[in-house]
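[1] Following is a predicted model, sequence given first.
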Amino acid sequence: MHLSDPALIDAPSVLAWYDRHARDLPWRVAPAARAKGEHPDPYRVWLSEVMLQQTTVATVRSYFVRFTSLWPTVFDLAAAPLDSVLKEWAGLGYYARARNLHACAQAVVNEHAGQFPQTSAGLQTLPGIGAYTSAAIAAICFDEQVAVLDGNLDRVLARYYALDVPVREAKEELRAALQASVPQRAGDFAQAMMDLGATICAPRAAACMLCPIQPGCIATRQGEPTLYPIKPAKAERPVRKGHAFVMLDAAGDVYLQSRPTKGLLGGMTEVPGSDWAAELVEVTYPMDGEWQHRGQVVHIFTHFRLELEVWSAAVEPDALEGGWWAEPAALKGEALPTLFRKVLAAAGLE
DNA sequence: AATTCGGGGCA
DNA sequence: TGCCCAGAATT
């Protein structure tokens, strides 16, 4: 046990702060409107929560507007081809989310008559909806009195309780402590606590003088809240190296292909390339041609650093199979992750 | 319980 | 540069 008799969070103070300082977000119903009985659209809340998994509000905003413009309801999204969803998701990262998003939309339409389940337990049975997202949707849309614990809350609670171990080792204790504090206005409370973490109890700086729960915060009382949360030792990031091949036909079109549906950048579009390994393999061109070295692209993934040598050549297209030729002007609409947009840029395209 | 999944913003 | 972000699925 790392928390002995954890003090409750003063929910009324948190809600009073939220009533005055709630951020204006495209998927949010403001607390005043919520008090008048206006309910958030579960489809929009779900879509926003999936996009926000490990992704900042600033990045999500434009994607959210685009998605809801193209697909205003869960029926529209479920009816859309997966390809078009992947194309619109391109650049947002964690592409398994896009596949699960589409699968979830179809499950809601086909197995739940287009209505999202109204409990966290029911929501969590759907693809791409885990402990956090199920609780968030249930609280925000249906005011289920459930603890909504995200990365912001990890930090806020670690400071509030001066947690002396990494959060991972006390996750369920923090959840129980938060659960005990959840008020009737569960949705507003959840969003308030996340806003508080994002704007006041920030990672590098804590504006404790503005914080509605400062009176109960142990880390503040100790004097240095940013000492928490305690960080686990970090593993170093390995390097992988490889080659990428940009092939152009006589018309100047580019050869593209699809990646396998599972694993890194699953189902997304790429240009052909070598395997990626710790040591750079000798280059083996996929076709005959006047190959030119166009430089190196460096791309940082969560768990490794990738260095790709970019080659380009004009080729005879006949012998290629499995992919397709794309006009340079049409590259913007392809399901190209950022890595391969960098590769194409290095070859003089995009 | 630990690892595998992207990418951008910020100090 | 390193850290963090409204985490989930897989192993």
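    Here it is on my side, so go on. Only a predicted model underlies this, so the values are computations on that prediction, with no experimental measurement involved. Residues are numbered from 1 along each chain as shown, chains lettered A, B, ... in the order given.

[2] Check whether residue A:298 sits in a helix, strand or coil.
    Following DSSP: H, G, I helix; E, B strand; the rest coil, we place residue A:298 in the strand state.

[3] That one contacts residue A:307, doesn't it?
    Yes. Using C-beta atoms under 8 Å, residue A:298 is in contact with residue A:307, at 5.5 Å. In this view, the C-beta of every residue, glycine as well, is placed from N, C-alpha and C.

[4] Pick out whichever of those two has more residues nearby.
    Neighbour tally, residue A:298 and residue A:307, criterion other C-beta atoms under 10 Å: the higher count belongs to residue A:307, 14 against 11.

[5] Surely the more buried one is in a strand?
    Yes. Checked against three-state DSSP, residue A:307 lies within a strand.

[6] Contact partners for it?
    The contact partners of residue A:307, by C-beta atoms under 8 Å, 6 or more residues apart in numbering, come to A:239, A:240, A:241, A:242, A:280, A:296, A:297, A:298.

[7] Check those residues against residue A:196 and report the nearest one.
    Nearest to residue A:196 among these, counting by C-beta to C-beta, is residue A:298 at 36.6 Å.

[8] So that closest one versus residue A:95, what's the distance?
    Look at residue A:298 and residue A:95: by C-beta to C-beta, to the nearest Å, they are 20 Å apart.

[9] Turn the contacts of residue A:307 into JSON lines, columns for pLDDT and distance to DNA strand B.
    Shown next, in JSON lines, are these (pLDDT from 0 to 100; distance: C-beta to the nearest atom of the strand, whole Å):
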{"residue": "A:239", "pLDDT": "96", "distance to DNA strand B": "14"}
{"residue": "A:240", "pLDDT": "96", "distance to DNA strand B": "11"}
{"residue": "A:241", "pLDDT": "97", "distance to DNA strand B": "16"}
{"residue": "A:242", "pLDDT": "97", "distance to DNA strand B": "14"}
{"residue": "A:280", "pLDDT": "95", "distance to DNA strand B": "19"}
{"residue": "A:296", "pLDDT": "97", "distance to DNA strand B": "16"}
{"residue": "A:297", "pLDDT": "97", "distance to DNA strand B": "11"}
{"residue": "A:298", "pLDDT": "97", "distance to DNA strand B": "12"}
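
[10] Closest to DNA strand C out of those residues?
    Using C-beta to the nearest atom of the strand, residue A:298 is the member of the contacts of residue A:307 that lies nearest DNA strand C, at 9.1 Å.

[11] measure the closest one to residue A:53 for me?
    Using C-beta to C-beta, one gets 26 Å for the distance from residue A:298 to residue A:53.

[12] Equivalent analysis for residue A:294, please.
    Separation of residue A:294 from residue A:53 (C-beta to C-beta) stands at 35 Å.

[13] can you list the domain ranges for chain A.
    Domain assignment for chain A, taken from automatic domain parsing, gives A:11-227, A:239-346.

[14] Which of these sits closest to DNA strand C?
    domain A:11-227 (2.6 Å).

[15] Can you measure across the closest one, start residue to end residue?
    Its start and end residues considered, domain A:11-227 measures 25 Å (C-alpha to C-alpha, to the nearest Å).

[16] average pLDDT across it?
    Domain A:11-227 shows a mean pLDDT of 97.

[17] Could I get the full set of strands for the stretch 151-300 of chain A?
    Taking DSSP state E, counting those that start in this stretch to define them, one finds strands in the stretch 151-300 of chain A at A:239-248, A:254-258, A:269-270, A:292-300.

[18] can you pull the pLDDT of residue A:5?
    On pLDDT, residue A:5 comes in at 76.

[19] Would you quantify the distance from it to DNA strand B?
    23 Å (C-beta to the nearest atom of the strand, to the nearest Å).

[20] among the strands of the stretch 151-300 of chain A, which is nearest residue A:183?
    strand A:292-300 (41.2 Å).

[21] what angle do that closest one and strand A:239-248 make?
    Counting by axes from the mean of the first three to the mean of the last three C-alpha atoms, to 10 degrees, strand A:292-300 lies at 140 degrees to strand A:239-248.

[22] Of all the residues in strand A:292-300, which ones are buried?
    A:294, A:297, A:299 (16 or more other C-beta atoms under 10 Å).

[23] Check the offset of stretch A:125-137 from the chain's centre.
    Distance of stretch A:125-137 from its chain centroid, counting by C-alpha atoms, centre = their mean, to the nearest Å, is 13 Å.
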